[in-house]
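Asker: Provided below are the primary sequence and the corresponding predicted coordinates.
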Amino acid sequence: MLDKAYLIKRSQLIKRIRNFFDSQGLLEVQTSTLIDNPTTDVYIDSICATVNAEVGPKTIKYLHTSPELEMKKLLSEDCGDIYQICQAFRDNEHGKNNFNEFTMLEYYRVGFEIHDLMDDIANLLNSIGVNIKPEKISYSQAFNDYGDIDILKVDFEQLKNIASGLGLTNDFLFIEDLQMLLFTHLIEPKLKHIPVCFIYDYPKSQSALAKTNGDIALRFELYLNGIEIANGYDELQDPETYRQRFIKENNKRKLMDKKICSIDYDFLSKIQNIIPQCSGVAIGIDRLLSQIK
Amino acid sequence: MANYSTNQFKNGLKLILDGNPCSIVNNEIVKPGKGQAFNRVKFKDLITGKTLVKTFKSGESLEGADVMELEMQYLYSDGESWHFMDPSSFEQYALDSKAIAEAINYLVEQDNCVVTLWNDNPISVTPANHVTLEVVDTDPGLKGDTAGTGGKPATLNTGVVVQVPLFISIGESIKVDTRTNEYVGRA
């Protein structure tokens, strides 16, 4: 049944987001949805599409799982601050908060570090009617407060013992996956009681495409009432570091008997100019909508 | 029993957890943006009645529990065991005080209850939502004494104490909600 109230709420939210960015001079962009390479991210599966089968040459393409790499190509060409609101597609995702297709807001601020970007997101939230001051808790502080675990110091074996002590499985190949299990089990239920919360400074093992500093990754996530809404990084800048991260993901895929993904050499060659120092974030619009009045 | 994978988890599914039969109360799929999917599952332990939350890696599996819920008639107690009969097979089952637990407050001979069997052994009993019990002791409701305070305690024939309105007197039969231990009305 048509839920017009929802459609109106959604439309208003997107208008307010655009107003916020437009008033700050960010450029709205649209990048390709249909791209040549699947994501190498171990736990994100791309949906593939076969095109030109009748006219040839038959080609396999992929629906983007996020506009990240395409937008970074623009950043490397000095386009300045940009944002995009688009549909993203991921295979093997289903659940109350996970869908094969969802709306993503992705934006980048040149010269920003993650704490600048978290402040900016707080202003964005303010502009859409979320007037609660966010709490900020570092990843290690959260584990310390809610699990009495020194997450940056414990090694894989010690963490396995902690998991089995809690009656949880410890059958993992990589420490980061066990960290995520414990975060889901111990921390997330506590975050349900915090309306707006940033978790920042993740362990280096969970750096994804974020810069690292010592044993931490310059990465943050936003939680509204315990629901993960956004994921942001101080972005890597040079093609060689990106190449190493992609290879690392593929090595993990290999060890887990998952499909190896072709590396996006087009991306690596397009960013030869180096991406300027910037921070960027992906925000799930459907989840955001579900958590605001 | 068969094993069940997390993608077969649903509310009410009975599984063995730490050696005890449990029932799924809630199953939530959590997929971190940069991580693998987990199932955060709330269980009720069918023996202790306690609820617990566990998080599983998606794809993990647990052994199913052979649990059946049968409507039975409560026959009598010999002081050590409480005896029930399955009216369809006439088979009798004896429950110990651990399995009877709180239900002891509402057991009336000949009444129907739901008995939970695990591997054919009775592990718990759930009385009907409403049972009729008799008031065996209560203060006379004196006029102007405690009016407006919501009632007075009354001891019923099973020994349980329930708050009743002031107008209820000894010897009356009343209906009690067994889930909340609250007075519902005169029987």
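Answerer: Received it, and whenever you're ready, just let me know what you need.

Asker: With adjacent residues omitted, what lies nearest to A:Gln291?
Answerer: Among residues not flanking A:Gln291 along the chain, A:Leu224 sits closest, at 4.0 Å (C-beta to C-beta, 6 or more residues apart in numbering or on different chains). C-betas here are computed from N, CA, C, even on glycine.

Asker: Specify the beta-bridge partners of the one you found.
Answerer: A:Val196, A:Ile227 (DSSP bridges).

Asker: likewise B:Asn3?
Answerer: B:Glu63.

Asker: quick one: it and B:Gly64 touch, right?
Answerer: Yes - counting by C-beta atoms under 8 Å, B:Gly64 is a contact partner of B:Asn3 at 6.8 Å.

Asker: Next up, the contacts around the residue nearest to A:Gln291.
Answerer: When contacts are counted by C-beta atoms under 8 Å, 6 or more residues apart in numbering or on different chains, A:Leu224 touches A:Val130, A:Pro195, A:Val196, A:Cys197, A:Arg287, A:Leu288, A:Gln291, A:Ile292.

Asker: Check A:Thr103 too.
Answerer: Here A:Thr103 is in contact with A:Ile85, A:Cys86, A:Gln87, A:Ala88, A:Gly284, A:Ile285, A:Asp286 (criterion: C-beta under 8 Å, 6+ apart).

Asker: and the helix or strand where B:Arg40 lies, what's its mean pLDDT?
Answerer: B:Arg40 belongs to strand B:38-45 when assigned by DSSP states H and E. What strand B:38-45 shows for mean pLDDT is 95.

Asker: Pull out the buried members of the contacts of A:Leu224.
Answerer: Among the contacts of A:Leu224, the ones that count as buried by 16 or more other C-beta atoms under 10 Å in any protein chain shown are A:Val130, A:Pro195, A:Val196, A:Cys197, A:Arg287, A:Leu288, A:Gln291.

Asker: where exactly do the strands run in chain A?
Answerer: Taking DSSP state E as the criterion, chain A carries its strands at A:27-28, A:34-35, A:47-51, A:59-63, A:82-89, A:101-110, A:135-138, A:196-203, A:212-213, A:216-224, A:227-234, A:278-284.

Asker: hmm, who's touching the fourth one?
Answerer: Meaning strand A:59-63. A:33-39, A:46-52, A:89.

Asker: Tell me the buried residues within these.
Answerer: Looks like these have A:Thr33, A:Ile35, A:Asn37, A:Pro38, A:Thr39, A:Ser46, A:Ile47, A:Phe89 buried, using 16+ other C-beta under 10 Å.

Asker: where does the chain dip in pLDDT?
Answerer: With no chain named, the answer covers chain A. Filtered on pLDDT under 70, chain A yields no residues whatsoever.

Asker: that's the other chain; I wanted chain B
Answerer: The model of chain B has pLDDT under 70 over residues B:141-149.

Asker: what about the residue in chain B that chain A sits nearest to, which SS state?
Answerer: Scanning chain B for the residue nearest chain A gives B:Ile29, at 3.3 Å (criterion: C-beta to the nearest C-beta). Classification of B:Ile29 using DSSP: H, G, I helix; E, B strand; the rest coil returns strand.

Asker: in stretch A:199-217, what's buried?
Answerer: Neighbour-count burial for stretch A:199-217 [16+ other C-beta under 10 Å]: A:199-212, A:216-217.

Asker: Check the residues you listed one by one and keep those near chain B.
Answerer: Subset of the buried residues of stretch A:199-217 in contact with chain B: A:Gln206, A:Ala208, counting by C-beta under 8 Å from any C-beta of the partner chain.
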